[in-house]
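Undergrad: could you work out the structure for the sequence below:
(one chain, ligands or ions: 1)
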Amino acid sequence: MSATIESSVFQDYDAYTPADYSVWKKLAERQLTALRAVACQEYLDCLDALHPVLSPDHPPRFSDLNERLTAAHGWSIKVVPGFLPVDEFFGLLARRRFCSSTWLRGEDQLDYLEEPDMFHDIFGHIPLYLNQDYATFAERLGQLGVKYAGDEEKITQLQRLYWFTIEFGVLRQADGELKVYGAGICSSYGETKHVYDDPRVEIVPFELDAVLAQDFIISEVQMKYFAIRDFAELWAVVDELEQRWAD
Ligand SMILES: [Fe+2]
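TA: Modelled structure (predicted):
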């Protein structure tokens, strides 16, 4: 492992307790089973590629994950204590860093969290950084965030774009089947069921202007999802935004 990776990560791995191992195992096993049927193929391929670094058997060791991420497309995990200011967050993405907390929820919080923990950040977000299309989309989104830092309207629009793709993205396959790829869904048993089972949920084709105009509330369950056709569509979206904003 390179010195740069080591110095960018601090996870006190030995501090995880048997209770943490047990919670991680329960969460990961439950989600792996649920996602086999509903996650998009790209996410499942990445999960398989990360095994056994990412598995129910133990909390993930960030240094091991970083080796895999860096070798694939130059990404690595940046440990953060909690929510970051938006400028910092986009700045990290632009430099191919994804931030993660190191704490894990307790047994009594398997289904509800006020703040993202390591299960959400790692299990939900990290696998797709092995997929080049997705990883490049995240990087370009970050670059736009850096370029337009301080422009409140554009930053709000980028946050919405992030929210309805990386956080709560779904994908409508050519055969009409709906798959999920957003980390907020992939890391949550309740959200996974909600997307498919709640009759109030509305799923509409991804349309850039509609997404940029769609407000969201972090603490509330999603009632509207925007379905892309494939990851190439994400690139087209960033192309469109870059062009539009450059004019
Ligand atoms: Fe997230």
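
Undergrad: ranges for the strands of the protein?
TA: With strands called from DSSP state E, the chain shows them at 76-79, 97-100, 170-172, 178-180, 202-205, 224-228.

Undergrad: could these be laid out in JSON lines, adding distance to residue 87?
TA: Quick note: C-beta positions are derived from backbone N, CA and C, even for glycine. Formatted as JSON lines, the strands of the chain follow (distance: least, CB to CB, whole Å):
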{"stretch": "strand 76-79", "distance to residue 87": "14"}
{"stretch": "strand 97-100", "distance to residue 87": "13"}
{"stretch": "strand 170-172", "distance to residue 87": "28"}
{"stretch": "strand 178-180", "distance to residue 87": "29"}
{"stretch": "strand 202-205", "distance to residue 87": "30"}
{"stretch": "strand 224-228", "distance to residue 87": "25"}
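
Undergrad: turn those strands into CSV, columns for distance to residue 15 and mean pLDDT.
TA: Shown next, in CSV, are those (distance: least, CB to CB, whole Å; pLDDT from 0 to 100):
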stretch, distance to residue 15, mean pLDDT
strand 76-79, 13, 96
strand 97-100, 15, 96
strand 170-172, 36, 98
strand 178-180, 32, 98
strand 202-205, 41, 98
strand 224-228, 37, 98
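
Undergrad: my read: residue 185 touches residue 170, true?
TA: Yes. The pair residue 185 / residue 170 is scored as a contact, 7.3 Å apart, by CB atoms under 8 Å.

Undergrad: same drill for these two, tell me which one is more crowded.
TA: residue 185 (28 against 23; other CB atoms under 10 Å).

Undergrad: so how far is residue 54 from the more buried one?
TA: Distance, residue 185 to residue 54, by CB to CB, to the nearest Å: 17 Å.

Undergrad: show me the contacts for residue 101.
TA: 79, 80, 81, 82, 115, 116, 117, 118, 121 (CB atoms under 8 Å, 6 or more residues apart in numbering).

Undergrad: then residue 93?
TA: 138, 139, 141, 142, 143, 145.

Undergrad: count the neighbours of the second one for me.
TA: Going back to what we said before, that points to residue 139. 19.

Undergrad: please report the distance of it from residue 182.
TA: Residue 139 sits 18 Å away from residue 182, going by CB to CB.

Undergrad: give me the neighbour count for the closest residue in space to residue 150 that isn't next to it in sequence.
TA: In space, and not counting its chain neighbours, residue 150 is closest to residue 87: 8.0 Å by CB to CB, 6 or more residues apart in numbering. Applying other CB under 10 Å, we find 13 residues neighbouring residue 87.

Undergrad: I'd say residue 87 and residue 145 touch.
TA: Yes. The criterion here is CB under 8 Å, and residue 87 meets it with residue 145 at 7.3 Å.
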